[in-house]
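Q: any chance you can model this:
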Amino acid sequence: MRSFRTEIENPLVEKDIIELDRKIREFNGGNIDEEKFRSLRLARGVYGQRQQGVQMIRIKLPYGKVTSKQLLRIADVSDEYSRGRLHITTRQDIQIHYVDLNRTPELWAELERDDVTLREACGNTVRNVTASETAGIDINEPFDVSPYAHAVFQYFLRNPIGQEMGRKFKVSFSASDADTGLSYMHDLGFIAKVKNGERGFKVMLAGGLGSQPRHADELYSFLPADKIIPLMEGVIRIFDRHGERKSRAKARLKFLLKDIGLDGFKILLEQEQLAIPHQTYPIDYESYPSTSVAEVETPNVVIPNQAAFEKWKSTNLVPQKQKGYVAIGIKVLLGDFYTDKARKLARLVQNYAAGEIRLSLRQNILIPYVKEELIPFFYQELEKLDFVEAGYNKALDITACPGTDTCNLGIASSTGIAEELERLIKAEYPEYIDNPDVVIKISGCMNACGQHTMANIGFQGMSVRTKDKLVAPALQVLLGGGNFGNGNARFADKVIKIPSKRGPQALRLILDDFNANGNGASFADYYWEKGEPYFYDFLKPLADVDNLVLDDFIDWGNEEKYKKEIGIGECAGVIVDLVATLFFESQEKIDSAREALLEERWAASVYYSYQSIVNSAKALLTSGKVKVNTHAGIIRDFDTHYVATRKIPFTGGFEALALQLNKQKPSKEFAQNFLSDAMLVLDRLEAFRKMELSHA
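A: This next block holds a predicted model:
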């Protein structure tokens with residue numbers, strides 16, 4: 001086994017990488033179940049892709065901040081282990097594709113040399129903490145949310161409460177009431193507020209996209225900043241225990257809220273308070289690293305095309321609250337750029353700005369802290385990289401997921417139609433190049449990685465079948481979504497399904513009608529005033545599949561006839577639970593609890609013991625073909641099927657034993673006792689299982 005000890009100073013990171021390397025070897029040797037291995041690698045940023053034998057690697061970049069050194073490191077890694085292409089996601093991560101599984105531990109070790117992690121970028125974990133890309137420079141922000149986003153990232157990374165939930169958990173921070181962090185569509189969304197001179201946040205709970213988007217509930221109009229981490233810990237503990245685990249389609253926090261209601265959730269939150277190790281968690285924002293801007297002389301620059309320069313300035317410069325500075329927005333087509341450009345960009349911002357970039361939720365790049373007198377110079381240098389296309393965060397700036405290019409779940413091409421629609425806007429609707437009020441987003445399937453359900457104009461990849469049972473790529477057209485700020489928004493309506501090759505014509509009809517009948521209203525207001533039937537009527541002719549031609553059966557960006565192929569999605573990190581595997585995992589949790597106890601991490605030890613107890617119960621219930629949808633259900637059902645029937649005795653009942661978790665403060669004594677309980681549970685349940693098998 002390769003040693004990473006000489007390369008990595010952080011022992012936790014070293015342990016993670018060595019563990020991944022060991023598990024890969026066990027998997028290759030046939031000694032570990034494929035589904036269990038999938039869960040492990042997903043939590044370490046290693047994601048299967050549509051093409052067999054290679055992996056997508058997701059690099060976790062909290063709130064989209066990337067230093068020049070980190071970008072250079074990522075570029076080197078992409079060249080060495082992949083194909084030199086970087087993909088910016090709608091969660092401010094960077095993905096690289098076509099990576100050999102066996103090289104992923106080595107790749108991770110290389111990234112960690114500049115404090116870049118893969119940990120919990122995928123799987124049933126707390127995903128990347130996102131934030132407004134303008135955090136720290138926003139002219140309307142009450143304070144910089146970056147230190148708070150970073151503190152949340154650090155606190156929950158490797159935290160046992162968020163490692164094996166029913167599904168993923170997403171968090172965002174918005175710099176101001178404009179809510180550019182999109183709080184309303186997150187499991188937890190925080191909007192910066194100041195009340196009576198105190199820093200805090202408006203808190204939005206249980207939003208989500210997907211096939212059934214849900215607008216988040218307002219949990220608090222103002223929560224002091226030192227309460228956000230204790231609150232999030234309580235929310236995650238409840239989601240972990242009560243959230244759905246069997247049915248992937250119902251396993252997000254939004255479905256739990258739908259079932260029990262906001263008041264019911266608040267009751268559970270109150271019941272959880274004793275178990276949370278910190279009732280307040282002050283965040284030392286003053287120690288957050290200060291910005292250092294390069295001091296350079298202003299180069300002499302001659303701009304040949306002054307008209308193009310002025311157009312670019314009108315759409316791609318972002319005002320900054322720091323006097324004398326602006327931020328420059330780079331429109332990155334579909335979020336894809338290459339390492340040669342990445343290196344030049346990294347050196348440019350290192351030498352002439354603050355040595356950092358921000359990745360945006362719209363798959364773009366923002367360069368903060370550009371001195372106003374250096375704007376012409378930056379334009380000149382960015383033009384050399386083909387990074388001066390006008391239309392940053394405007395209608396022309398279309399968001400799209402990778403779709404059928406690399407994703408297992410892609411149904412139709414999202415990148416191909418996105419490129420075609422951008423060409424159409426440039427050629428036929430140039431006035432929309434600098435229109436900030438029309439947002440177009442595209443996803444290759446219903447999971448909404450391209451965020452189409454929140455767009456003014458959205459398209460979702462689908463398929464359509466003719467009377468002759470021929471299958472063609474299709475698009476669901478969605479209209480009317482919009483972000484209205486301060487946690488208020490609407491999701492788009494599904495209006496009609498059309499063959500994909502008619503997508504450009506649909507956009508023409510929509511924009512033509514908006515130009516003729518919008519009367520100066522925002523697109524969202526125009527849509528809701530007209531109503532869904534109005535748009536269905538004038539788009540209906542495009543839905544006719546009786547007159548398809550050969551070209552309609554070839555998807556955008558492809559040359560071969562369309563074939564609907566959907567693989568197994570890994571977004572949820574679904575695993576198939578086997579009884580022996582569950583007992584093995586219970587022992588692993590006990591080992592982790594013992595280790596945490598030795599390190600005096602009482603709360604972590606308690607949670608590992610709890611996970612072992614539930615896992616052990618889940619093993620026997622699984623063997624008995626009892627549903628194991630939620631942790632809470634597992635605990636209750638074990639009492640019903642095993643304790644009440646006197647098959648396995650537990651004084652006071654199994655539920656009382658397991659839920660000591662939230663009845664006791666996390667102390668050394670309790671952690672020791674609860675670990676003993678977990679060991680007792682595993683011993684009794686494994687002995688019962690052996691007895692069952694011997695009599696089978």
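Q: make it CA atoms for all contacts and neighbour counts henceforth
A: Fine.
Q: name the nearest residue to D639, sequence neighbours excluded.
A: Nearest non-adjacent residue to D639, counting by CA to CA, 6 or more residues apart in numbering: F654, 5.6 Å away.
Q: to clarify, my last question referred to R44.
A: Per CA to CA, 6+ apart, closest to R44 is R119, 4.4 Å.
Q: which residues touch the one you found?
A: A43, R44, G45, K60, L157, R158 (CA atoms under 8 Å, 6 or more residues apart in numbering).
Q: which of the residues you listed ranks first by neighbour count?
A: R44 (26 neighbours; other CA atoms under 10 Å).
Q: that residue contacts C122, correct?
A: Yes: between R44 and C122 there is a contact at 6.9 Å, judged by CA atoms under 8 Å.
Q: hang on, the earlier thing: measure the residue nearest to R44 to G45 for me?
A: Per CA to CA, to the nearest Å, R119 is found 6 Å from G45.
Q: likewise S247?
A: S247 is 23 Å from G45, by CA to CA.
Q: can you check G485 too?
A: From G485 to G45 the distance is 32 Å (CA to CA).
Q: for K258, same thing?
A: For K258, the distance to G45 - CA to CA - is 30 Å.
Q: helices of the stretch 551-696 of the chain, residue ranges please.
A: Taking DSSP state H, counting those that start in this stretch to define them, one finds helices in the stretch 551-696 of the chain at 579-598, 602-623, 631-638, 654-658, 668-694.
Q: so which of the ones you listed is the most surrounded?
A: Burial of the helices of the stretch 551-696 of the chain is given as mean neighbour count (mean count of other CA atoms under 10 Å); helix 602-623 ranks first at a mean of 26.
Q: alpha carbons only: can I get it in CSV?
A: The C-alpha coordinates for helix 602-623 follow below in CSV (Å, rounded to 0.1, in the frame of the first residue of the first chain):
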residue,chain,number,x,y,z
TRP,A,602,-17.5,13.2,23.6
ALA,A,603,-20.3,14.3,21.2
ALA,A,604,-18.7,12.5,18.2
SER,A,605,-18.2,9.3,20.3
VAL,A,606,-21.9,9.4,21.4
TYR,A,607,-23.1,9.8,17.8
TYR,A,608,-20.9,6.9,16.5
SER,A,609,-22.3,4.7,19.3
TYR,A,610,-25.9,5.7,18.3
GLN,A,611,-25.2,4.9,14.7
SER,A,612,-23.9,1.5,15.7
ILE,A,613,-27.0,0.8,17.8
VAL,A,614,-29.3,1.7,14.9
ASN,A,615,-27.3,-0.2,12.3
SER,A,616,-27.4,-3.3,14.4
ALA,A,617,-31.2,-3.1,14.7
LYS,A,618,-31.4,-2.4,11.0
ALA,A,619,-29.5,-5.6,10.3
LEU,A,620,-32.0,-7.8,12.1
LEU,A,621,-35.0,-6.0,10.7
THR,A,622,-33.6,-6.3,7.2
SER,A,623,-33.2,-10.0,7.7
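Q: and it, what other elements does it pack with?
A: Helix 602-623 is packed against helix 579-598, helix 631-638, helix 654-658, helix 668-694, with contacts defined by 3 or more CA pairs under 8 Å, 6 or more residues apart in numbering; DSSP states H and E.
Q: show me the helices in the stretch 101-250 of the chain, by range?
A: Secondary structure of the stretch 101-250 of the chain, counting by DSSP H, counting those that start in this stretch: helices at 104-112, 146-156, 228-242.
Q: can you put these in CSV and add mean pLDDT, mean neighbour count and distance to N456?
A: Shown next, in CSV, are the helices of the stretch 101-250 of the chain (pLDDT from 0 to 100; neighbours: other CA atoms under 10 Å; distance: least, CA to CA, whole Å):
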stretch, mean pLDDT, mean neighbour count, distance to N456
helix 104-112, 93, 21, 38
helix 146-156, 98, 19, 28
helix 228-242, 97, 21, 31
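Q: which of those sits closest to L424?
A: Closest to L424 of those is helix 146-156 (CA to CA; 37.5 Å).
Q: residues making contact with the closest one?
A: The contact list for helix 146-156 (CA under 8 Å, 6+ apart) reads 62-63, 126, 128-131, 135-136, 162, 172-173, 229, 283-285, 288.
Q: mind redoing it with 10 Å?
A: Helix 146-156 has contacts (CA atoms under 10 Å, 6 or more residues apart in numbering) with 61-63, 65, 120, 125-136, 162-163, 171-175, 190, 225-226, 228-229, 232-233, 281-289.
Q: out of these, which end up buried?
A: Buried by 16 or more other CA atoms under 10 Å: 61-63, 65, 120, 125-136, 162-163, 171-175, 190, 225-226, 228-229, 232-233, 283, out of the contacts of helix 146-156.
Q: how close does L421 sit to W556?
A: Note on L421: its distance to W556, by CA to CA, is 11 Å.
Q: any shared contact partners between those two?
A: T415.
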